[in-house]
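[1] Fold the following.
(chains A and B)
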Protein chains: 2
Amino acid sequence: MKIALDSMGGDHAPEMIIDGAVEAANEGDGRFQIVLVGKKEILEKYIADKRLSNGNIEIVDAPEVIGMSESPATAVRRKKNSSIVTAMRLQKEGAVGAVVSAGNTGAVVASSLVSLGRLRGISRPAIAINLPSKTGGTILLDGGANSDCDAHNLLQFAFMGSIYADNLLGRTRPRVGLLSIGEEKSKGNELTREAHELLAGSELNFVGNVEGRDIFMGEVDVVVTDGFTGNIVLKFSESIVNYLSNLVREGLGKYPFAKLGAAMMKPVFRDIGLALDYAEYGGAPLLGLKGVVIIGHGGSSARAIKNAVLAAERIVTSNINGIIKAKAEEERS
Amino acid sequence: MKIALDSMGGDHAPEMIIDGAVEAANEGDGRFQIVLVGKKEILEKYIADKRLSNGNIEIVDAPEVIGMSESPATAVRRKKNSSIVTAMRLQKEGAVGAVVSAGNTGAVVASSLVSLGRLRGISRPAIAINLPSKTGGTILLDGGANSDCDAHNLLQFAFMGSIYADNLLGRTRPRVGLLSIGEEKSKGNELTREAHELLAGSELNFVGNVEGRDIFMGEVDVVVTDGFTGNIVLKFSESIVNYLSNLVREGLGKYPFAKLGAAMMKPVFRDIGLALDYAEYGGAPLLGLKGVVIIGHGGSSARAIKNAVLAAERIVTSNINGIIKAKAEEERS
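    I've put the predicted structure just below:
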């Protein structure tokens, strides 16, 4: 299996991307080959300078780059030779089995829709985020692919999220919650009231509305919401570690014994950091496509990229797309 | 000045409400008088049993109770003698200058709209939440009074939030951000794109879109969003302390020296707990009404109630309603 890596996307490209690719290739131990897609000269020079072993890494040239704040639709249309569009084309042609990108999320979504297309019966693909929780992780979707959604979209997100939680996280008959602002079905906005009815009438293990507090509590396996709300929750959660570290630092400067205490608590803090660190979760799949696309955080570290590549491998071998496709066709018939 | 307290609302009513009322009365030192509104017998018995001093506390009987999960509109219409509706009526009649309730939020909003009414020119009142941030607090509104909003509502929330931040938090020319999913004005959903234009054309100190991560970072003084998104962010933020305490407890059981370290870090944890504890912030004003209404958290402790009463006092003495009214009328003319 080959996995294409958008080597020009993200805040630390291409260095972190290549470092992550090498880590993944080492850990993959020959199970997959990595295709770095980007400006060939730059990629080759970095690999040569750092004398990285590249037995399981090849390079495909893509001279154009889509910036992090470019308008997605326009950029994808105009920059056919960008790393994102080229990587998607490689997958469409069957040269690779998956694409990983930490680049412009909107451009990745737009380009995957154009190149790969949606699975038959799926109206909108959704980003499935694995958020930390007391019970070992909650899948939230949509994490930001669709800022305006209708109730039927949310129902499909719930189906895809359930299949993902079942097949990749081993949650049998995953509990699905609808993110809203009150547990009663009458609570929420127009969208959630309509979605509640659809979900309650489905064969899913729908447990009703959940609130913001239930995400960390792990009361459900899958939390469904529109991509606007989902992305705000995601970004908010990512800032927690930074904010708390800041509060701890302030406290250490204030109390004489606290620094020694912090040293003794170091392993606890390390565990908490890992539990909350998105890099551990390694990218989020865009579900509902005829293909495998993993979206990494713009600020991805090498470890995050490595984990995103490993996530891509798992998605490909799980045949989750085949299961989603069968389910979507069953719904249509 | 008299402040009415809905003594039957909240998860720990009436005990915590009365305890908080007594604390507030002691701290208020005669500046205001508290009117406990609720089932007279129960309130009197609790005060007698605990031998609470009640020099600055009087009781108004309200034999009905609106439950936390009752449908707001119906409950307010049917239960005219509930503690919420009675407290609002007292304010309408001029017997009290403010109402504090930790009860059914929807019922408090509905009842305040019916009894007090909106300030001329204000389409929707909004709950202004003070969220913790690196720079000492960010005002987020709407915190949950309106689950479906239009762009003009968000513009008014921004005006009210700015006036609040200026007059109560001392932030001169407060920076206003629109909660969205990308900094560029094209990012977001239909609502935010339209609201962005209105805000950019206003005289407010609008700095553009902000993302979930910017709330804790304190990049802005006021964050504007619809009540659905705002309430989800609020509830999510409230669960952080609980989730992290859980992670710390797990870690302490795992590493031998960590417990001693935690003991040495105790003052740091206490400060962090205070920084993140909504009880410290003491309730959120519902802005845009012909009157003063403070909404407390359903799980309010006595300290939260005390702080909510003190917040009510500050709102009344600040004449913020007069300023909002003048501003709204200026906009209309």
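[2] In chain A, spot the helix with the most residues.
    Criterion DSSP state H: the longest helix present in chain A is helix A:227-254.
[3] Report whether that one contacts chain B.
    Yes: using Cβ under 8 Å from any Cβ of the partner chain, helix A:227-254 reaches chain B at A:227-229, A:231-240, A:242-244, A:246-248, A:250-252, A:254. Just so you know, the C-beta spots here come from the backbone N, C-alpha and C atoms, and that holds for glycine as well.
[4] how big is the angle separating that helix from helix B:227-254?
    Interaxial angle of helix A:227-254 relative to helix B:227-254 (axes from the mean of the first three to the mean of the last three Cα atoms, to 10 degrees): 50 degrees.
[5] Now do helix A:227-254, average pLDDT.
    When pLDDT is averaged over helix A:227-254, the result is 90.
[6] and that helix, how far out from the chain's middle?
    19 Å (Cα atoms, centre = their mean, to the nearest Å).
[7] List the buried residues in the very next helix or strand once past that helix.
    For helix A:227-254, the succeeding helix or strand toward the C-terminus, using DSSP states H and E, is helix A:258-264. For helix A:258-264, burial by neighbour count (16 or more other Cβ atoms under 10 Å in any protein chain shown) applies to A:258, A:261-262, A:264.
[8] restrict those residues to those near chain B?
    Contacts with chain B within the buried residues of helix A:258-264, as defined by Cβ under 8 Å from any Cβ: A:258, A:261-262, A:264.
[9] Need the max-distance pair from the residues you listed.
    Greatest spatial distance among these (Cβ to Cβ): A:Ala258 and A:Met264, at 10.6 Å.
[10] what is in contact with these two at once?
    Common neighbours of A:Ala258 and A:Met264, using Cβ atoms under 8 Å, 6 or more residues apart in numbering or on different chains, are B:Met264.
[11] Could you list the residues of the stretch 51-200 of chain A in contact with chain B?
    A:69, A:71, A:106, A:133-134, A:144, A:147-148, A:179-184, A:186-190, A:192.
[12] residues in contact with A:Gly27?
    If you look again at residue A:27, you'll see it is Glu, not Gly. A:306, A:310 are the contacts of A:Glu27 under Cβ under 8 Å, 6+ apart.
[13] Please spell out which residues along the helix or strand hosting it are buried.
    A:Glu27 is part of helix A:15-28, with elements assigned from DSSP H and E. For helix A:15-28, the neighbour count (16+ other Cβ under 10 Å) marks A:16-25, A:28 as buried.
[14] and the closest residue to A:Glu23 other than its chain neighbours, how many neighbours?
    If the residues on either side of it in the chain are set aside, A:Glu23 comes closest to A:Lys306, at 4.1 Å by Cβ to Cβ, 6 or more residues apart in numbering or on different chains. By other Cβ atoms under 10 Å in any protein chain shown, the residues close to A:Lys306 number 24.
[15] go on, A:Glu197?
    A:Glu197 is flanked by 13 other residues according to other Cβ under 10 Å.
[16] can you tell me the helix or strand for it?
    Secondary structure (DSSP H and E) places A:Glu197 in helix A:190-200.
[17] Report the inter-axis angle for that helix versus helix A:227-254.
    Using the same axes, to 10 degrees: helix A:190-200 against helix A:227-254 is 100 degrees.
[18] wouldn't A:Gly67 be in contact with A:Asn104 here?
    Yes: if you go by Cβ atoms under 8 Å, A:Gly67 and A:Asn104 touch, sitting 6.9 Å apart.
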